[in-house]
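Q: Sharing a model prediction with you, sequence too.
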Amino acid sequence: MQVHRRTDGLPVFRKAVVTIGTFDGVHRGHCKIIAQLNAAAARIGGESVIITFHPHPRQIVKGAHPVQLINTLEEKIALLEAAGVDHLVIVPFTEAFSSLTATQYVEDFLLKLFQPHTLIIGYDHRFGNGRSGDFKMLEEYASANKFELLEIAPELLKESAVSSTRIREAVQQGDAELAAGLLGYPFNFEGLVVEGNRIGRTIGYPTANLQVTDTEKLTPGNGVYAVMVYIPGQMADTAKKGMMNIGHRPTVDGTRRTIEVNIFDFKGDLYGETIRVEVVKYLRGEQKFSGLDALKAQLAKDKEEALAHL
């Protein structure tokens, strides 16, 4: 897959079959749309092109409610490449871009830069300043032989939109299994290992304290989870089993939300490293125990349960 991070200097695409969207999560619903895109390109000997935006439009458009993202940009790129897309164009989303009229969007952006042979889009797709452009407007351009217009089936479009919302809710509510089922892969995130208070190692459960590397990235809700951990320098397909606590550590009177991962059967110094955590199973809510001995006893149970799910 060729990744284009700017709109100037784009190549001349071969019979471009284009779709447009944020594709956050690149989940099962998105993959059905991508399959339609790739199949349409294959039928005419063309190239599949996805146009996406960064930052997310809701982070830029005034009055829009910002959203935490299921994927970082680099995660999304990797997932779209695995889905077999030929070209990914990442459009820098700015206030100036959002102010384009619907006509400017179609003529100066879509037609001039991409020269699409086919555009595959949802019936509810809106574009241009004030979201004034719609599917009917695109039909008018298609009827003038500017491109072939194909509609994403309404039920598929609804499935994709609902999935994105449900995935975010599931992650925030700790439902790792539902999130994985909708995504088609376990929800995961990266974190930089930073200095902690080292209480865990005094009771036999040393933890890697994580600082999430992308502040726009969605993080799971508070609780204890069974996780798989990918460590730099080890084989990409090799992961360590572990358990993770997210919360305020009430047993030790914590005052801020932390993410701590106990990696089973691991010895080494990870400070300054960035590790990836796959969230497999929610085990329990965060609790306040009578002391460190009671906490240690519960952690032994948590580890046993985590291993049963990993």
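A: On my side now, so go ahead.
Q: Quick one: residues in contact with stretch 27-46.
A: Identification of contacts with stretch 27-46 by Cβ atoms under 8 Å, 6 or more residues apart in numbering yields 13-17, 19, 21, 23, 47-48, 50, 70, 80, 83-86, 117-118, 120, 150, 152, 156, 159-164, 167, 182-184. To be clear about C-beta, it is placed using only N, CA and C from the backbone, and glycine gets the same treatment.
Q: Next step: those restricted to strands.
A: In strands, defined here by DSSP state E, the members of those are 16-17, 19, 47-48, 50, 118, 120, 150, 152.
Q: Most widely separated two among the residues you listed?
A: E47 and I152 (18.8 Å; Cβ to Cβ).
Q: Quick check: end-to-end length of stretch 14-25?
A: Stretch 14-25 has an end-to-end distance of 28 Å (criterion: Cα to Cα, to the nearest Å).
Q: Any regions of the stretch 1-150 of the chain where pLDDT drops low?
A: Applying pLDDT under 70 to the stretch 1-150 of the chain flags residues 62-64.
Q: Can you show me the helices along it?
A: Ranges of helices in the stretch 1-150 of the chain, per DSSP state H, counting those that start in this stretch, are 28-44, 57-60, 73-82, 95-98, 102-104, 112-114, 135-143.
Q: Of all the ones you listed, which one is nearest L218?
A: helix 73-82 (11.2 Å).
Q: helices or strands up against that closest one?
A: The contact analysis (3 or more Cβ pairs under 8 Å, 6 or more residues apart in numbering; DSSP states H and E) places helix 73-82 against strand 47-54, strand 87-92.
Q: Please repeat the previous calculation with a cut-off of 7 Å.
A: The helices and strands touching helix 73-82, judged by 3 or more Cβ pairs under 7 Å, 6 or more residues apart in numbering; DSSP states H and E, number zero.
Q: Now do that helix against strand 47-54, angle only.
A: 170 degrees (axes from the mean of the first three to the mean of the last three Cα atoms, to 10 degrees).
Q: how about helix 73-82: buried residues?
A: 73, 75-77, 79-80 (16 or more other Cβ atoms under 10 Å).
Q: Bridged to G133, which residues?
A: Beta bridges link G133 to F127, judged by DSSP bridges.
Q: what about it, distance to E260?
A: Counting by Cβ to Cβ, to the nearest Å, the gap from G133 to E260 is 47 Å.
Q: Also H27?
A: 28 Å.
Q: Which one's more surrounded, these two?
A: Neighbour totals were compared for H27 and E260, and H27 leads with 24 against 20 (other Cβ atoms under 10 Å).
Q: Can you report phi and psi for the more buried one?
A: Dihedral angles of H27 (phi, psi; degrees, to the nearest 10) stand at phi -90, psi -170.
Q: T118 versus that one, what's the distance?
A: The value you get for H27 to T118, if Cβ to Cβ is used, is 24 Å.
Q: One more: S99?
A: Going from S99 to T118 by Cβ to Cβ gives 28 Å.
Q: Which one of these two is surrounded by more residues?
A: Neighbours of S99 and T118, each counted by other Cβ under 10 Å, are more numerous for T118; the result is 22 against 11.
Q: can you pull the pLDDT of K296?
A: At K296, the model reports a pLDDT of 86.
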